[in-house]
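In: Structural data only, the sequence is not supplied:
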């Protein structure tokens, strides 16, 4: 059974702080890794994609991937109240077609 | 900006009835997906579709479910005989084919299915 695990939270950080979100996955054949943001009652919105080991930065967001440890993380710098949402880690395995497994998400609350 | 469009936004049906959920993927995308999210639970993969056939499906996607691309723009999910436990938000997504971008999926706003 392919699994993606996240701490459900809630993770509470003050405005302006760094929020750190973590994810582990079980399938070593996983090839693509994503972070989505989901506001309550809304659809997932892509924040970051990462495919190779190391860091990838985009604005206030940095994704980190360590395939040996089967670990993905997302850092949000200068957190804003508007960042308050559930952050979903998603992992895609390509076996002919694509199958994407989502974690249950971490709820982030940024206090003003 | 191009987007994935889903209709209807909310579908109410009686148990045992058939429902069809509709999606219009982004126009130059060739991979299509359906997911569901039961209230308070995680997003669950149902099926991926490419070149007019199913490329992957989950154990959830049993004989009750089917997908179709009836024309050049629509992608549909049919649930043949709905059960109470089918009540969920259903998301359609699409992605490009070429390069690393082929895995990046863009989601529609979802259809909330309520089975009574």
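Out: Yep, that arrived. If you're wondering where the values come from, they're calculated on a predicted model, not measured in any experiment. Numbering: from 1, shown residues only, chains lettered A, B, ... in the order given.

In: Now residue A:83: phi and psi?
Out: Torsion angles at residue A:83 (phi, psi; degrees, to the nearest 10) stand at phi -80, psi -10.

In: Would you agree it is in contact with residue A:17?
Out: No. If you go by Cβ atoms under 8 Å, residue A:83 and residue A:17 don't touch, sitting 10.5 Å apart. For the C-beta atoms, the positions are set from N, CA and C on the backbone; glycine is no exception.

In: got any ranges where chain A has weak pLDDT?
Out: Within chain A, the stretches with pLDDT under 70 are A:1.

In: so which residue of it comes closest to chain B?
Out: Nearest to chain B in chain A, going by Cβ to the nearest Cβ, is residue A:97, at a distance of 2.5 Å.

In: so what's that residue up against?
Out: By Cβ atoms under 8 Å, 6 or more residues apart in numbering or on different chains, the contact set of residue A:97 is B:48, B:50, B:54-56.

In: so does the lengthiest strand in chain A get close to chain B?
Out: What stands out as the longest strand in chain A, according to DSSP state E, is strand A:85-95. Yes. Applying Cβ under 8 Å from any Cβ of the partner chain, one finds strand A:85-95 touching chain B at A:88, A:90, A:92, A:94-95.

In: PyMOL command for the buried members of these?
Out: Those of the residues of strand A:85-95 next to chain B that count as buried under 16 or more other Cβ atoms under 10 Å in any protein chain shown are selected in PyMOL with:
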select buried, chain A and resi 88+90+92
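
In: in which helix or strand would I find the residue nearest to the spatial centre of chain B?
Out: Residue closest to the average C-alpha location in chain B (Cα atoms, centre = their mean): residue B:34, at 2.9 Å. Following DSSP states H and E, one finds residue B:34 within strand B:31-37.

In: Now for the closest residue to residue A:105 other than its chain neighbours, how many residues are close by?
Out: In space, and not counting its chain neighbours, residue A:105 is closest to residue A:86: 4.1 Å by Cβ to Cβ, 6 or more residues apart in numbering or on different chains. Other residues near residue A:86 come to 21 when the count uses other Cβ atoms under 10 Å in any protein chain shown.

In: Against residue A:74, how distant is residue A:86?
Out: With distances taken as Cβ to Cβ, to the nearest Å, residue A:86 is found 12 Å from residue A:74.
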